[in-house]
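[1] This is the structure alone, sequence omitted:
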């Protein structure tokens, strides 16, 4: 639960030249806005039409979720009593219905996209039922790869980030399962190769996202996509690098390669999100990741070098953490100020 | 809407003086004083971990003195140091050090107080000690992270006390009422003082978290069966809070004449009747987040909403056939409400 909150939190504050309620409240606290002006500003920022749209979206989201869940429960209850023909017929009919509704509501982006997402999910259900009914003996990774392959066309035309994320998750789940079921037991493929594979998928996704965003695809502009992909990419490479620090004697070539890739990835991401596509939140993620690694490294050295001084070693660790984090926050503050100054739209 | 356009509108409406507008524009050219949230999170985590490593060090010093008293004295010394350090400088390293001192000092002082108080009532002693130390430090130590962690810890401790120690289910409703009231009172402040923000966020975190505790304890296999009770009092409290919130946002009780607001109130009542209070809370927090453009509150709501939806399915103690009917009917009702709401589209720009 901490991960999603962290991602949303990292995007809480950004350089935003639009008028926002917290800005209004800050001005009021400083005595620059009277109560009447404050009320008026709130009405401008959040007019009735905005509330109306908000309530409609909420009702759509909750209503659709409940109806879909109800349908799933209905089939779960009657599953045993249903024949093969009926089972496949119902699921395929539901997929077709979702696609038709999605086409019908093409102008209403949210409704259409939600139906397309439902069709993508139902495709997985269809494959699972197929495997269960005919006992194909296929490995689980095949299900996920086939699922990803079958929905690729819809995902490609969807212009809906959630569909793309579902596709990426399926691809990565398939990759992990392939390693668990085939690569490791049959070919002794090291865990680090899996980490590099997962990182590569996320790197490609991140590059595609950035190119699409620069090319002006509005549906790719939401910055949480960037955070999620960047966080997964760095985390995948973090694990083998962390393992090297903890156990330097067991550093295979793949592990070393993963560590070097982590170093290149962190430095590259730091450069890109500081200079080319300035983004304070992404930069904070990169720096936090690097801080963690540095603390582990220094901690390892400290615990190796100092013996029989338990109290001192704990104090030293506290100082190391404070020192590293202070350096990082010092750098981030400077970067934040510089980004603020570079942003031409900041002044109203 | 851009800041410049909003300010121009306020000036043209005659509610803002042009000179004040110019001052605001000039002020906006200066860099923001507060840190971006990424830095705050990094600083918080750094301070917390440093405090964890400081504690064993303090422990060894305290052990060389008379244990309980030693902890208390070390804690107070660290807290005083933290407050002085924070007041003296706002630089990065001293700021981090102050936070680590404050967290470690807080834990040491609470430990010392608990040691000195009666051992028969460990929970109450710990809660009281924590409340006393937090109450004494909160106004003087100007750190949102410390204040947030302190307020959140108090909420968690009280909730655990009710569930684990007292084993009294009805008290959960009292807790939920207190948390709802705290959020409501803090929202009443037109422009809340920044020092109260950590308390507000802690209450916003604790309300859904308490409801998750409540839902978990109602599950057969997850908690002992004696801790059971009706959840409708919480639904009632939360629904009342939510209706008050929406009416306040709409401009007061007089606004209830508006058809769309009536539709929203009806939706709240239906959700209260058919779902768990957690879903209402998540929706309420989404509303608060949207109204105040508070992304933190919205993020918390978005994280808890799916959790409560899953709890809702799980806690319907009926067979799957009936469950599917209830869930589908609830969904259809909400979609019908949405359809009704679409017919009541307000004019563009209406307030």
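    Good, I have the coordinates. This is a predicted model, so every value here is computed, not measured.

[2] pLDDT score for the residue nearest the centre of chain A?
    Nearest to the geometric centre of chain A sits residue A:228, at 2.4 Å (CA atoms, centre = their mean). On pLDDT, residue A:228 comes in at 87.

[3] Residue B:133 now?
    Looking at residue B:133, the pLDDT reads 93.

[4] Tally up the residues packed near the nearest residue to it once chain neighbours are set aside, please.
    The spatial neighbour of residue B:133 that comes closest, neighbours along the chain excluded (CB to CB, 6 or more residues apart in numbering or on different chains), is residue B:109 at 5.0 Å. Where you see a C-beta, it was placed from the backbone N, CA and C, and this is true even at glycine. For residue B:109, the tally of surrounding residues (other CB atoms under 10 Å in any protein chain shown) stands at 25.

[5] And residue B:113, by the same measure?
    Counted with other CB under 10 Å, the neighbours of residue B:113 add up to 20.

[6] In this structure the residue nearest to the centre of chain A contacts residue A:165, no?
    Yes. The pair residue A:228 and residue A:165 passes the contact test of CB atoms under 8 Å, sitting 7.3 Å apart.

[7] residues contacting residue B:152?
    Listed by CB atoms under 8 Å, 6 or more residues apart in numbering or on different chains, the contact set of residue B:152 reads B:202, B:205, B:206.

[8] Just the buried residues out of those residues, in PyMOL syntax.
    Buried members of those, defined by 16 or more other CB atoms under 10 Å in any protein chain shown, are picked up in PyMOL with:
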select buried, chain B and resi 202+205+206
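
[9] Could you save the contacts of residue B:152 as TSV and add columns showing pLDDT and secondary structure?
    Formatted as TSV, the contacts of residue B:152 follow (pLDDT from 0 to 100; DSSP: H, G, I helix; E, B strand; the rest coil):
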residue	pLDDT	secondary structure
B:202	92	helix
B:205	92	helix
B:206	91	helix
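
[10] In a markdown table: the contacts of residue B:152, plus distance to chain A.
    Shown next, in a markdown table, are the contacts of residue B:152 (distance: CB to the nearest CB, whole Å):
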| residue | distance to chain A |
| --- | --- |
| B:202 | 14 |
| B:205 | 10 |
| B:206 | 14 |
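
[11] just the contacts of residue B:152 now: which is nearest residue B:148?
    residue B:202 (5.5 Å; CB to CB).

[12] Contacts only, for the closest residue to that closest one other than its chain neighbours.
    In space, and not counting its chain neighbours, residue B:202 is closest to residue B:151: 3.5 Å by CB to CB, 6+ apart. If you count contacts by CB under 8 Å, 6+ apart, residue B:151 has them with B:134, B:198, B:199, B:202, B:203.

[13] Could you tell me what pLDDT the model assigned to residue B:151?
    For residue B:151, pLDDT reads 93.

[14] Give the next helix or strand downstream of the helix or strand hosting it.
    Assessed by DSSP states H and E, residue B:151 sits inside helix B:144-160. Next helix or strand after helix B:144-160 toward the C-terminus (DSSP H and E): helix B:170-188.

[15] Identify the residues contacting that following helix?
    Residues outside helix B:170-188 that contact it (CB under 8 Å, 6+ apart): B:155, B:158-159, B:162-163, B:192, B:196, B:199-200, B:203-204, B:206-207, B:210-211, B:213-214, B:229, B:233-234, B:237-238, B:241, B:244-245, B:248, B:277, B:288.

[16] Type out the PyMOL command that picks the buried ones from these.
    A single PyMOL command selects the buried members of the contacts of helix B:170-188 (16+ other CB under 10 Å):
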select buried, chain B and resi 155+158+159+162+163+192+199+200+203+204+206+207+210+211+213+214+229+233+234+237+238+241+245+277+288
